[in-house]
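Asker: here's my sequence, what's the structure:
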Amino acid sequence: MTTGRGKRLMVAAAAASLFGFAFTLPATLVRAGTGTVHPGPLSRADAFARAQALTALGRKMFFDPALSASGKQACSSCHDPRHAFGPASAGPVEMGGPNLDRPGVRAVPSLRYLQAAPAFTEHFYDSEDEGDESVDNGPTGGLTWDGRADHGKDQAKIPLLSPFEMANKDEAAVTSALRMAAYAGEFKAAFGDDVFDHASDAFDAAAEALGTFEQSAADFYPYSSRYDAFLAGKADLTVQELRGRALFEDETKGNCASCHLSEPANDGEPPQFTDFGLIAIAVPRNAAIPANADPAYVDLGLCGPLRTDFKGRTGYCGLFKTPTLRNVALRKSFFHNGAFHTLRDAVAFYASRDTDPDRWYPRNADGTVRQYDDLPKAYWGNLNQDPPFNGKKPGDRPALNDAEIDDIVAFLGTLTDADQQAAPAN
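Answerer: Prediction:
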């Protein structure tokens, strides 16, 4: 696996899919329940009308706690629109299950800016020379922290059935809740009068509606941050924010943009602030996650335990998705395990993971630092060593000093969408 991440082709690929969603619905429409097929390709107008109808239906479902076994947990309970569709709490995991007493095992990610994520692939080829796709950037794409869902509709199914999330017993339980919902008539209108007679079809339809809602531009990818306005020539950044941007993009300093792409795509579409890759950075083990009380439990991301198709693939252990940094300043916990609770600590960790490990990792009984304590030593070869890590050792000078870390944090604050910014005080 390569540690470097290519840029050009990924930017182009992301942009190519950005605004195509509303008109790339299936050419032939299979209606759940009836099994009938729409006669011929959908026209552009019909596809747009269907997307609007499914968006409205998915929105109602997203805020409906009756779709959970507890009757008290909606999708919006963990993906709060007032927090960029991420968690409102500072806890590393959220509580779920039939009685809302079962803790999750990973931090809840934001659902914003996922619309351009490509399907998961083990080998993403890229090259700085267009037309010469020879550089393998390794595992790339998919949704969730381990990339195991390729599309929004696939991702939507996970929390509905997860025992520590909405905890429905099976597809039939979800179907039963939908049948009793106030919007059941709209569901039938979209998917067929007998849709509820077939639990698997109704479940698939529910996931389609939720996935469609989660692709709606106004809610999920508004591109309304001050940085977007800056790129459009309609706003200015402060001197500190400009310094932070330069450090963010400098390959010898923060090098953040190597994975969190900050430049517009080749066709001018806004940057995604992720390359959709999966990498290992050895975030410290978080004792606040109940599962971690068991010393034998280790979350290895791409190679398990939640993702099972790559179990035993040692080269993939410890790899997690690179999230978008849009709206990152709103978060109250960071990384897949919520180990840090300030954005500054998250940036500082990158700068001094290896130069000052004592700052981040616990000590053993003999006083030695238990470095990379949440990643078994057998997988240390998977660790990203690109700058700012760059093979540094304890005592070396970090790539970023305190003032430079502050500058990068200031720049990241410009990525907050307009609807998420606090209203000015009267």
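Asker: just the helices in the stretch 251-400 of the chain please.
Answerer: 343-352 (DSSP state H, counting those that start in this stretch).
Asker: wait, the stretch 51-200 of the chain
Answerer: With helices called from DSSP H, counting those that start in this stretch, the stretch 51-200 of the chain shows them at 75-78, 152-161, 171-179, 184-191, 199-213.
Asker: restricting to C-alpha, output the shortest one in CSV.
Answerer: Output of helix 75-78 as CSV, limited to C-alpha atoms (Å, rounded to 0.1, in the frame of the first residue of the first chain):
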residue,chain,number,x,y,z
CYS,A,75,-31.6,9.6,12.3
SER,A,76,-31.5,13.2,13.3
SER,A,77,-30.9,12.3,17.0
CYS,A,78,-27.2,11.6,16.1
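Asker: quick one: low-confidence parts of the protein?
Answerer: Flagging of the chain using pLDDT under 70 yields the residue ranges 1-41, 126-134, 423-426.
Asker: care to break it down by domain?
Answerer: The record's domain parsing of the chain by automatic domain parsing lists 8-220, 226-418.
Asker: returning to that earlier point: for residue 115, find the nearest of the helices of the stretch 51-200 of the chain.
Answerer: Ranking the helices of the stretch 51-200 of the chain by distance to residue 115, with CB to CB as the measure, places helix 152-161 first at 8.0 Å. To be clear about C-beta, it is placed using only N, CA and C from the backbone, and glycine gets the same treatment.
Asker: hang on, the earlier thing: tabulate the domains of the chain (CSV), appending mean neighbour count.
Answerer: Formatted as CSV, the domains of the chain follow (neighbours: other CB atoms under 10 Å):
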stretch, mean neighbour count
domain 8-220, 18
domain 226-418, 18
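Asker: before we move on, back to that, any idea which of the helices of the stretch 51-200 of the chain gets closest to residue 287?
Answerer: Taking CB to CB, helix 75-78 is the member of these nearest to residue 287, at 21.6 Å.
Asker: which strands and helices sit next to the closest one?
Answerer: The contact analysis (3 or more CB pairs under 8 Å, 6 or more residues apart in numbering; DSSP states H and E) places helix 75-78 against helix 44-62, helix 152-161.
Asker: so which of the ones you listed gets nearest residue 195?
Answerer: helix 44-62 (11.8 Å).
Asker: re earlier: let me have the helices and strands packed on helix 75-78 in TSV, extended by distance to residue 361.
Answerer: Listed next are the helices and strands packed on helix 75-78 as TSV, based on distance: least, CB to CB, whole Å:
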stretch	distance to residue 361
helix 44-62	39
helix 152-161	31
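Asker: out of the helices of the stretch 51-200 of the chain, which gets nearest to residue 252?
Answerer: Among the helices of the stretch 51-200 of the chain, the nearest to residue 252 by CB to CB is helix 152-161 (36.6 Å).
Asker: run through who's touching that closest one.
Answerer: The set of residues external to helix 152-161 that reach it, using CB atoms under 8 Å, 6 or more residues apart in numbering, is 67, 75, 78, 96, 114-115, 143-144, 149, 165-168, 170-171, 174, 203-204, 206-208, 210-212, 214-215.
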